[in-house]
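[1] Fold the stuff below for me.
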Amino acid sequence: MSARTPFRVRNCSIERTLTIVGEKWTFLVLREAFNGVRRFADMQEGTGAPRQVLSARLSRLVEEGLLRKVPYREPGRRVRHEYRLTQKGLDLYPILVSLMQWGDVHMAESGPPVVLTHRDCGAPVGVHLSCAEGHEVTSPREVTPTHGPGARLAG
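    The predicted structure follows:
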């Protein structure tokens with residue numbers, strides 16, 4: 001691959017991931033789930049999503065294995081379901097934190113609206129890139145894409 005040749009594969013992991021999560025309402029549902037919101041009505045209130053849109057997003061996230069439905073029943077009421085993150089869903093947390101950090105830098109009007117802190121020590125939490133040797137990566141110019149074992153090259 002020369003310096004002029006764009007790096008492309010037919011089975012791009014970014015593109016495949018975006019088919020599942022690449023939509024505003026999905027990210028807002030995930031934000032609510034990471035904040036401990038589990039019930040439909042509470043998610044609807046927190047996201048402002050129309051009922052049909054929220055229902056469709058929750059169904060898709062369950063179908064894709066990012067959320068699981070857990071039945072519950074309040075006394076005298078019918079069985080309902082709440083939504084809990086699976087490990088596959090929990091693995092998206094760094095992506096949401098990265099989006100939040102970007103928004104804090106480029107979109108916040110008077111500072112971050114939410115600050116994440118480590119529960120054990122109280123220090124701020126953020127996402128940082130590093131290589132396997134522990135070197136911090138501060139720019140995409142420090143990274144070289146190479147074909148991985150699953151690459152299917154673009155025509």
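[2] C-alpha only now, for contacts and for neighbours.
    Fine.
[3] Count the neighbours of T19 for me.
    Each residue near T19 was counted by other CA atoms under 10 Å, and the total is 9.
[4] quick check: mean pLDDT across the helix or strand where it lies?
    Using DSSP states H and E, T19 sits within helix 13-21. Average pLDDT, helix 13-21: 91.
[5] centre of the chain versus that helix, how much separation?
    Helix 13-21 has its C-alpha centroid displaced from the chain centroid by 11 Å (CA atoms, centre = their mean, to the nearest Å).
[6] Can you tell me what sits against that helix?
    F27, R60, L61, E64 (CA atoms under 8 Å, 6 or more residues apart in numbering).
[7] hey, C-alpha coordinates of stretch 37-48 in CSV?
    Presented in CSV, the C-alpha positions along stretch 37-48 are these (Å, rounded to 0.1, in the frame of the first residue of the first chain):
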residue,chain,number,x,y,z
VAL,A,37,-32.2,3.8,33.3
ARG,A,38,-33.9,0.5,32.6
ARG,A,39,-37.6,1.1,32.0
PHE,A,40,-39.3,2.1,28.8
ALA,A,41,-41.2,5.1,30.2
ASP,A,42,-38.0,6.4,31.9
MET,A,43,-36.0,6.0,28.7
GLN,A,44,-38.7,7.8,26.8
GLU,A,45,-38.6,10.7,29.2
GLY,A,46,-34.8,10.8,29.2
THR,A,47,-34.4,10.7,25.5
GLY,A,48,-37.5,12.5,24.3
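[8] phi, psi of the residue most central in space within the chain?
    Computing the C-alpha centroid of the chain and ranking residues by CA atoms, centre = their mean puts L92 first, at 3.9 Å. With angles defined as degrees, to the nearest 10, L92 sits at phi -80, psi -10.
[9] Select from the contacts of helix 13-21 the one having the most neighbours.
    L61 (21 neighbours).
[10] you'd agree that one is up against K69?
    No: L61 is beyond contact range of K69, at 10.1 Å (criterion: CA atoms under 8 Å).
[11] closest to C12 among the contacts of helix 13-21?
    Closest to C12 out of the contacts of helix 13-21 is E64 (17.8 Å), distances taken as CA to CA.
[12] follow-up on the earlier one: just the pLDDT at the residue nearest to the centre of the chain, thanks.
    97.
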